[in-house]
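# for reference, the sequence and a predicted model appear below.
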Amino acid sequence: MQITAVTTAAGPMAACIGSISPWRCLSEDEARTLEAICERIIPTDQDPGAAWAGVVTFIDRQLVGPYRRLRKTYQMGLAGTDATSVGMFGKPFVVLTAKQQDAVLQSMDKGQARGNCWKLVSAKSFFDLVVGHAMQGFYGDPRHGGNRERVSWKMLRLPYPPVRGRVANG
Amino acid sequence: MIVGAGAGGGIVAKELAEAGLTVVLLERGKWYTAYDCRKDDLRNQRTSLLGCAFGPDDDHYRRVVVGADGQERVVPPSDGAYSNNAACVGGGTFSYGAMAWRYLEKDFRMRSTYGAVAGSTLDDWPLTYQDLEPYYTKAEWEIGVSGDDTNNIFKGARSRPLPMPPLPPSREHVILKAAAERLKLHPFDLPMLRNTIPYNGRGGCMRCRWCVGFACEVDAKCGTHNTVIPHALSTGNCTLRTECVAREIVTNDQGNVTGVEYFDERGRLQEQPADLVVVSASATETPRLLLNSPSRLFPTGLGNRYDWVGRNLMGHAYSGAYGLMDTDTYDDLGPGASIAICDYNHGNPGLVGGAMLCNEFIRLPIHFASLSPPGVPRWGAAHKDFMRRFFNRCMAVHGPVQEMPVFDARVQVDPRVVDDWGIPVVRLSGARHPQDLDVANYISGKAAAWLKEAGATTTWPKLPGKGLSGGQHQAGTCRMGNDPKTSVVSRYCQVHDVANLFVIDGSVHVTNGGFNPALTIMAIAYMASEHIVQTWKGTRMRG
């Protein structure tokens, strides 16, 4: 896990949940759950996945920036994900096996995850939101805290630094 | 006085200032330069996930959008439903992809060509392609257009060739050109407001990845911000006031416009007296300003005697297809879009209108991440693998389907919600005409056929939704026409019942062609400016 390094980069800011957390907005537990979710959305294979790329750093930063209106959604959604995990496998999300985690996320994706915890934010809409944000954090510009060392761009074989001043092909 | 320094307003400022009129050009945004462009994949004018790079900003602006179910939503500019166009000097032309289309002859005569369409206010323009041709030419040479449409047999006659040659072909261009020729189509190098060689004192395109939605790092894209607006200022007759938000157009008891009230960059209310007011604020903000300017003589807003202001909002129903190839087709050569056909703009069996088809601008990784074909999951290991295998092997062909104007697709001002200056905001409601979706399906099929001929092993469609159109191609809300009862302005963009008020932007389009509208907005601006200069008599319009 590279979470320590990423945390240092984010800086110890006052967390918006009020408790002491190395994150800007998320609690430590929330960050761990979110990282586990993102790592299933963009898993590590021969190339690094969402956790290494710093997708949680990206999301955490945006939650004190352009996505601040979504803080409550994240709080409720991450709690709901854990509640669904406990309901399905008797354990919180982060300690499940990858297979079990996928099963939880699939039930959210298909809108099958229900219950009190999904009353205000539906499982489906929360999962869609996280998929979108994970893609932004992994494939977007590194300046926002994700896509560490342009890892996804290297994976896609995008030239860096971009070649400029060309007039012809080749 | 001109409100809005975009494609239309910038040109009017230059033409009037050059003719010796004293011009105040008001712009609510800033004057950005290429140095302000940070090539941010998530925050630019095309992808505004983290905000719009060139305005308006999420903190000060908002609109009300009424959904098909009647639900109202207050949305910020970075939300697609806001129907945003950039708020800065140059307007959309500062960061656009810069396609430079002339509409076709039939695009000005849609009603005569196809007859009435149920549920649509489809009509002919009060002018023809031939009337506008000299001004298209002027725009191409003054602002600067590159390309080569010799092989486009569907185009209207042109009096002068384009001033600049096209860029050398990309890999995608070569493949698609050969495929189109095999299909007996007529591919050509699409025209762009882009320097390919040094022109107008600026250098040529360096072909980077970040084009549409971004400012140009080498100033090769040609907008009003780097051509006519500096020219207008250099005459000494034009003052540009940025970060100034117009609130209301002031009228007197004789029914003439006397000036504009606006908030300056420090939020102070100012009134600028004017003998002549030109509104060039875009097809959503122009009707907002007119509707926000009621008076005793015009109780429902300026130009709105017959309730046509804000009606017929159109954009384009973008439609096309994606195709996966066996070999790498991506070569990282911007801008991406380069080859087009006009074979399907008209004459499609049983359908009204159509669209130009061309290859898409470069897809950045974040765009590609949401494009997986049916059968590929949108997350998980399979999605990541798809990204890795096909990012360099995907081509996209698409085009802007000409939309049928709908009377109830409209811009109003909201009775409750205001922006940070206390001005009632735009309220958007209505939906696309169903025929647009039929055309979109047809066009998507043609795009897929082109890609298959080019070697695509898998194709899948890109289709528009049913909701209200608009966006950066917004048009139609202050239609031009000869009959004051069914239009807002004359063929010279003069508001029918207010002699010293003009609307010069995409709002006046009767229909919006199957093309990007920028060059047409520019041509109309040149034409209307010429009319103003010729009929201006010191402090008032002649006659």
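That came through fine. None of the values given here were measured: they were computed from a predicted structure.

# going forward, measure contacts and count neighbours with C-alpha atoms only.
Will do.

# low-confidence regions, chain A specifically.
A:1-19, A:163-170 (pLDDT under 70).

# again, 80 this time
Chain A contains residues with pLDDT under 80 at A:1-20, A:160-170.

# and for the stretch 301-450 of chain B?
For the stretch 301-450 of chain B, no range has pLDDT under 80.

# which bits of it sit near chain A?
Within the stretch 301-450 of chain B, the positions near chain A by CA under 8 Å from any CA of the partner chain are B:332-333, B:365-366, B:369, B:379-381, B:383-384, B:387-388, B:391-392.

# show me what contacts residue B:398?
Remark: with contacts taken as CA atoms under 8 Å, 6 or more residues apart in numbering or on different chains, residue B:398 is in contact with B:318-321, B:357-360, B:444, B:447, B:462.

# just the closest of the residues you listed to chain A, please.
Proximity of the contacts of residue B:398 to chain A was ranked by CA to the nearest CA; the top entry is residue B:359 with 16.9 Å.

# ok, what's across the strand from the closest one?
Taking DSSP bridges, one obtains residue B:397 as the residues bridged to residue B:359.

# turn the contacts of residue B:398 into JSON lines, columns for neighbour count.
Output for those, formatted as JSON lines (neighbours: other CA atoms under 10 Å in any protein chain shown):
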{"residue": "B:318", "neighbour count": "23"}
{"residue": "B:319", "neighbour count": "27"}
{"residue": "B:320", "neighbour count": "30"}
{"residue": "B:321", "neighbour count": "24"}
{"residue": "B:357", "neighbour count": "29"}
{"residue": "B:358", "neighbour count": "26"}
{"residue": "B:359", "neighbour count": "25"}
{"residue": "B:360", "neighbour count": "19"}
{"residue": "B:444", "neighbour count": "27"}
{"residue": "B:447", "neighbour count": "27"}
{"residue": "B:462", "neighbour count": "22"}
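
# what about these, which are in helices?
Among those, the members falling in helices (DSSP state H) are B:444, B:447.

# of the contacts of residue B:398, which is the nearest to residue B:476?
The closest of the contacts of residue B:398 to residue B:476 turns out to be residue B:318 (CA to CA; 17.3 Å).

# excluding its backbone neighbours, what's nearest the closest one?
Once flanking residues are discounted, residue B:318 sits nearest to residue B:400: 4.5 Å by CA to CA, 6 or more residues apart in numbering or on different chains.

# now that neighbour: how far from residue B:373?
21 Å (CA to CA, to the nearest Å).

# among these two, which residue is more densely surrounded?
residue B:400 (25 against 16; other CA atoms under 10 Å in any protein chain shown).

# right, and the helix or strand after the helix or strand containing that one?
According to DSSP states H and E, residue B:400 maps onto strand B:394-401. Downstream of strand B:394-401, the next assigned helix or strand under DSSP H and E is strand B:410-418.

# mind listing residues that contact that following strand?
Contacts for strand B:410-418 (CA under 8 Å, 6+ apart): B:62-64, B:284, B:287-288, B:291-292, B:309-313, B:424-430, B:477.

# in helices only, show me these.
Within these, residues falling in helices by DSSP H are B:287-288, B:291.

# what's the closest non-adjacent residue to the residue minimising distance to the centre of chain B?
By CA atoms, centre = their mean, chain B has its centre lying nearest to residue B:473, at 3.3 Å. Excluding its sequence neighbours, the residue lying closest to residue B:473 (CA to CA, 6+ apart) is residue B:315, at 4.8 Å.

# pretty sure that neighbour sits against residue B:467.
No - assessed by CA atoms under 8 Å, residue B:315 is found out of contact with residue B:467, at 11.4 Å.

# in terms of neighbours, single out the busier of those two.
With neighbours defined as other CA under 10 Å, residue B:315 and residue B:467 compare such that residue B:315 has more, 31 against 15.

# what about the more buried one, distance to chain A?
Using CA to the nearest CA, to the nearest Å, residue B:315 is found at 26 Å from chain A.
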